[in-house]
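Undergrad: could you look at this predicted model? Sequence included:
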Amino acid sequence: MDGVELTAQDWGFAASVASSLGIKYYKITGGEPLVRNDIVDIVRSIKDSGGIVSIVTNGSLLAKYAEELADLVSHINVSLHSLNPEIFRKITYGRLEPVLKGIEEALCSGIKLKIDYVVLSLNSHEYTDIINYASNKGINLNIIELIPLGMSLTEYNKLHAPMDPIEKYLDKISVKKDRKAFQNRPTYILPSGIEVTVIKGICNPEMCMHCTRIRMSPDGKIKTCIYRNDNLLDAYPFIISRDAEGLKQLFIKANSLREPFFKPERIVEAVHSVNGRYNVKKRGI
């Protein structure tokens, strides 16, 4: 049954089982989740099953769904990688205007937003503009280092940009620097009151060892680590048959298989496995 997407009712059942194990937070990501016509039903099903739901979206369809989602989500992350329409098009192959409209509609609907800004060679010069935009809108900001997944060595080296200038700038303008317990992420409080979180996951054991996530694909595959595909578990049969106990045991097994990909005692091995494809520096030791 590979490739058969779960329905809204399926997601509600899966969430009810997960919630019985104490799993509380659910983040719907993609691809682009808002292209599903039943996205509102999916969010509602998970929420009705006891979950606290957030969404990660490119924002292009957010204006369409903002009002319906307002009472269902805890917050929405919007990917905003440039404020320059031409650079935005080069990065996303899409238009900036609908994304900015979606952000405005979401804010007007009372949705709490976060902006996700992935730093690339194409947009690294825009960090002050992105920070100012987020500050003016009162939106928290995630500044994210490029993760070398799904691309060649040549592509990664071409697109990757250093984070050091941004961190130095945040050190200079922030009124407070903190560190979030989840994934040990440094967070800067700016004079505007917004939080700016810097996310550098690649070859970073301090972040990796604090991760508590598991992931489920649209066709019901459980993935315990973003960097690994060798320990996938198939939850689809248990979900379709509404086998709550079977699914519960599968979640327990998935949790037992979780381990940091980058660990201090084997960081050289982990870095080597990544550097087999990418030119990535070792750090975090």
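TA: Right, received. Where do you want to start? Numbering: from 1, shown residues only.

Undergrad: give me the contact list for stretch 124-134.
TA: If you take Cβ atoms under 8 Å, 6 or more residues apart in numbering as the criterion, stretch 124-134 is touched by 80, 82-84, 87, 115, 117, 119, 140-141, 143, 161-162, 165-166, 169-170, 190, 194, 196. Placement of C-beta: from N, CA and C, glycine included.

Undergrad: which of the residues in that stretch are classified as buried?
TA: Residues of stretch 124-134 classed as buried by neighbour count (16 or more other Cβ atoms under 10 Å): 126, 127, 130, 131, 133, 134.

Undergrad: what's the pLDDT at residue 269?
TA: At residue 269, the model reports a pLDDT of 54.

Undergrad: over to residue 263?
TA: 69.

Undergrad: what about residue 252, which helix or strand?
TA: Residue 252 is part of helix 244-257, with elements assigned from DSSP states H and E.

Undergrad: I misspoke; the intended subject was residue 142.
TA: Going by DSSP H and E, residue 142 is part of strand 140-145.

Undergrad: can you tell me what sits against that strand?
TA: In contact with strand 140-145 (Cβ under 8 Å, 6+ apart) are residues 77, 113-119, 127, 130-131, 134, 160, 163, 166, 194-202.

Undergrad: that strand: how far from the chain's middle?
TA: 10 Å (Cα atoms, centre = their mean, to the nearest Å).

Undergrad: just checking, next helix/strand downstream of it?
TA: helix 153-159.

Undergrad: buried residues in that following helix, which are they?
TA: Those would be 156, 159, for helix 153-159 by 16+ other Cβ under 10 Å.

Undergrad: just checking, what packs against the next helix or strand after it?
TA: The helix or strand immediately downstream of helix 153-159 is helix 164-173, counting by DSSP H and E. When contacts are defined as 3 or more Cβ pairs under 8 Å, 6 or more residues apart in numbering; DSSP states H and E, helix 164-173 sits against helix 127-137, strand 185-189, strand 195-199.

Undergrad: what residues does helix 164-173 touch?
TA: Counting by Cβ under 8 Å, 6+ apart, 119, 124, 127-128, 131, 143, 177, 186, 188, 190-191, 196, 198 sit against helix 164-173.

Undergrad: what of stretch 220-233?
TA: 6, 10, 14, 147, 149, 201, 214-217, 234-236, 239, 250-251, 253-255, 257-259, 261, 274.

Undergrad: compute the inter-axis angle for the strand holding residue 142 and strand 185-189.
TA: Angle of strand 140-145 versus strand 185-189, following axes from the mean of the first three to the mean of the last three Cα atoms, to 10 degrees, is 140 degrees.

Undergrad: export whatever helix or strand residue 11 lives in as PDB, just CAs?
TA: Counting by DSSP H and E, the element that carries residue 11 is helix 8-20. The C-alpha trace of helix 8-20 is given here as PDB (Å, rounded to 0.1, in the frame of the first residue of the first chain):
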ATOM      1  CA  ALA A   8      -8.200  13.000   7.900                       C
ATOM      2  CA  GLN A   9      -9.900  10.300   9.900                       C
ATOM      3  CA  ASP A  10      -6.700   8.100   9.700                       C
ATOM      4  CA  TRP A  11      -4.700  11.000  11.100                       C
ATOM      5  CA  GLY A  12      -7.200  11.500  13.900                       C
ATOM      6  CA  PHE A  13      -6.900   7.800  14.900                       C
ATOM      7  CA  ALA A  14      -3.100   7.900  14.800                       C
ATOM      8  CA  ALA A  15      -3.100  11.100  16.900                       C
ATOM      9  CA  SER A  16      -5.500   9.500  19.400                       C
ATOM     10  CA  VAL A  17      -3.100   6.600  19.900                       C
ATOM     11  CA  ALA A  18      -0.100   8.800  20.100                       C
ATOM     12  CA  SER A  19      -1.800  11.100  22.600                       C
ATOM     13  CA  SER A  20      -2.500   8.200  24.800                       C
END
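
Undergrad: give the buried residues for that helix.
TA: 8, 10, 11, 12, 13, 14, 15, 16, 17, 18, 19.

Undergrad: just give me the closest of those to residue 209.
TA: residue 18 (22.5 Å; Cβ to Cβ).

Undergrad: so how far is residue 259 from residue 81?
TA: Distance of residue 81 to residue 259, computed by Cβ to Cβ, to the nearest Å: 31 Å.

Undergrad: any idea which residue of this structure is furthest from its center?
TA: residue 241 (29.7 Å; Cα atoms, centre = their mean).

Undergrad: run through who's touching stretch 58-68.
TA: Contacting residues not belonging to stretch 58-68 are listed as 30, 32, 34-35, 39-40, 76, 78-80, 92, 94-95, 98-99, 101-106, 108-109, 111 [Cβ under 8 Å, 6+ apart].
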